[in-house]
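**Student:** What follows is a predicted protein model with its sequence.
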Amino acid sequence: MTKLQDDIENYLSHSHPHSDEYHQAVREVFDDIAEVYRKEPAYRRWNIAERMLEPDRIVRFRVCWEDDNGQVQVNRGWRVQFNNVLGAYKGGIRFDPSVNESVLKFLGFEQCFKNALTGLPMGGGKGGADFDPKGRSEREIMRFCQAYMQELHRHIGPNVDVPAGDINVGPREIGFLYGHYVKLTNRWEGVLTGKSPGFGGSCGRTEATGYGVVYFLKNMLQAHDQSLESQRVLISGAGTVALYAAEKCIREGAKVITVSDSRGTRVFRNGMSEKELVSLRTLKLEQHGSLEDADCGTWHSNKTPWFAAKGAIALPCATQNEVDGKAMKRLIGNDLLALCEGANMPLTQEAHDKLIDANLLYGPGKAANAGGVAVSGLERSQNASLQSWSMDKVDTMLSGIMEDIHNRCIEHVKRKDGIYPYSKGANLYAFKKLAEAMMAYGVK
Ligand code: GLU
């Protein structure tokens, strides 16, 4: 362990106790940049490390709302405004019982690096609540969104902080949140992204994260003389990211073998068809049902994709720490060629270390899933200039941005046994960009 890593561990255990996810995300970054940090005395003089680890501010608030039985419910809401040296705070809102301050700090920290990689002027932030929308009626979800915005609206603005969706926050929730913001402030402005294209949203925002993962994957494969065509792809999750990644894979001639939810995995032995994908999308995204009730493929109860099937490509698109050491061992043992993260930090530390040791193609989430926030950046541009761009235009820009991100990931690293270390490259590029801006700003 270097002195820097030692200092970081001490700082985290002292200033951010009980924050396992946050420690994990920070450790991953600082393991990669320790060497560069040591060689540049200015980083230490400006104390970039500690300044980067301390969010600008965390707003925590009570969210009170009434359920359908007239019972008052209380949840906890947050907005972590992490770092705004590269632009206004930008990042999603997540509604899930697993949300807590550690999770939001890890997501906010990652978001700073991810947004730096897009090349667009966006700082990092993240928000959410420990609200569980499962089993709640649409009216209850609307009332919850309104109650959450009742506090949040004080802290955001088109040039201050621009939230978007994340797990369990899609176009419907963004509509409720935005509607309440407009009502409270009497201002119609680009303060949230992920809106419906009918009222200021960008075409292609819903598809962007999933499509972007596949664009990144294609760039990565191409740089190593491989192609996506006919490859067997294991996808986890069945939310927006997973299903649009599946759509793009199918259209690129790959075979999507699995999708999954919290109850199990649906396996398509010879690859899912577009028709089957449409039926799954209707079931999951429109009817909020479980994959268990689908009538295509075969159902594997309580199994993750990594144990339900074999494939050369893995796209974990569900949630953090969903792939553990055992699952990674199995993936590698089954001749894994490439893994790209649609979710944020889906690998446990053990799984991550195993994948790095195996020296395989690895697209880290902060690069591979940056397409979503990138198109959010394009939505801001459209809102600011009162324009609305076509799907074709946005998709072409997304594909160009993903290629640029891919190239940024290899700017500061060399191939090791023929393979680019993308994870290290992503961390180095984003760290340098953030550190340079922080030093240019002086002490603040
Ligand atoms: N929640 C998404 C992410 O993890 C999107 C954020 C945004 O569009 O601002 O990057």
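**Tutor:** Received it, and whenever you're ready, just let me know what you need.
**Student:** Quick check: closest non-adjacent residue to A246.
**Tutor:** V256 (4.6 Å; CB to CB, 6 or more residues apart in numbering). Where C-beta positions appear, they are placed from N, C-alpha and C, glycine not excepted.
**Student:** and the residue in the chain that the ligand sits nearest to, how many neighbours?
**Tutor:** Taking CB to the nearest ligand atom, the ligand has its nearest neighbour within the chain at G92, 2.6 Å off. For G92, the neighbour count with other CB atoms under 10 Å is 24.
**Student:** tell me the pLDDT at it?
**Tutor:** Note for G92: predicted pLDDT of 98.
**Student:** do the same with the one 10 residues further on
**Tutor:** Confidence at S102, expressed as pLDDT, is 98.
**Student:** name the element it belongs to?
**Tutor:** helix 101-118 (DSSP states H and E).
**Student:** and if you look at Q382?
**Tutor:** When elements are assigned from DSSP H and E, Q382 belongs to helix 371-384.
**Student:** With E140 instead?
**Tutor:** helix 138-152.
**Student:** which residue packs closest to F431, ignoring adjacent ones?
**Tutor:** Using CB to CB, 6+ apart, the closest residue to F431 is I33 (4.7 Å).
**Student:** List the residues that contact the residue nearest to N383 when sequence neighbours are not counted.
**Tutor:** Take N383 and drop its neighbours on the chain: the residue closest to it by CB to CB, 6+ apart is G190, 3.0 Å away. Residues in contact with G190 (CB atoms under 8 Å, 6 or more residues apart in numbering) are 158, 162, 200, 379-380, 382-384.
**Student:** how about a cut-off of 7 Å?
**Tutor:** Going by CB atoms under 7 Å, 6 or more residues apart in numbering, G190 touches 158, 162, 200, 380, 383-384.
**Student:** which stretches of the stretch 1-150 of the chain form helices?
**Tutor:** 3-15, 20-39, 41-45, 48-53, 101-118, 138-152 (DSSP state H, counting those that start in this stretch).
**Student:** any chance of those helices in TSV, with distance to the ligand too?
**Tutor:** Putting the helices of the stretch 1-150 of the chain into TSV (distance: least, CB to the nearest ligand atom, whole Å) gives the following:
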stretch	distance to the ligand
helix 3-15	22
helix 20-39	13
helix 41-45	26
helix 48-53	18
helix 101-118	6
helix 138-152	14
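**Student:** Buried residues in stretch 164-172, which are they?
**Tutor:** By 16 or more other CB atoms under 10 Å, the buried positions in stretch 164-172 come out as 164-169, 171-172.
**Student:** hang on, the earlier thing: centre of the chain to the helix holding S102, how far?
**Tutor:** 9 Å (CA atoms, centre = their mean, to the nearest Å).
**Student:** and the angle for it with helix 371-384?
**Tutor:** Calculated by axes from the mean of the first three to the mean of the last three CA atoms, to 10 degrees, helix 101-118 forms an angle of 70 degrees with helix 371-384.
**Student:** Just the C-alphas of the helix holding E140, formatted as CSV.
**Tutor:** This file holds the C-alpha atoms of helix 138-152, laid out as CSV (Å, rounded to 0.1, in the frame of the first residue of the first chain):
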residue,chain,number,x,y,z
GLU,A,138,-49.6,5.5,-9.6
ARG,A,139,-51.3,8.1,-7.4
GLU,A,140,-49.1,7.1,-4.5
ILE,A,141,-46.0,7.4,-6.7
MET,A,142,-47.2,10.8,-7.9
ARG,A,143,-47.7,12.1,-4.3
PHE,A,144,-44.3,10.8,-3.3
CYS,A,145,-42.6,12.6,-6.2
GLN,A,146,-44.4,15.8,-5.4
ALA,A,147,-43.4,15.6,-1.7
TYR,A,148,-39.8,14.9,-2.7
MET,A,149,-39.7,17.9,-5.0
GLN,A,150,-41.3,20.0,-2.3
GLU,A,151,-37.9,20.1,-0.7
LEU,A,152,-35.6,19.4,-3.6
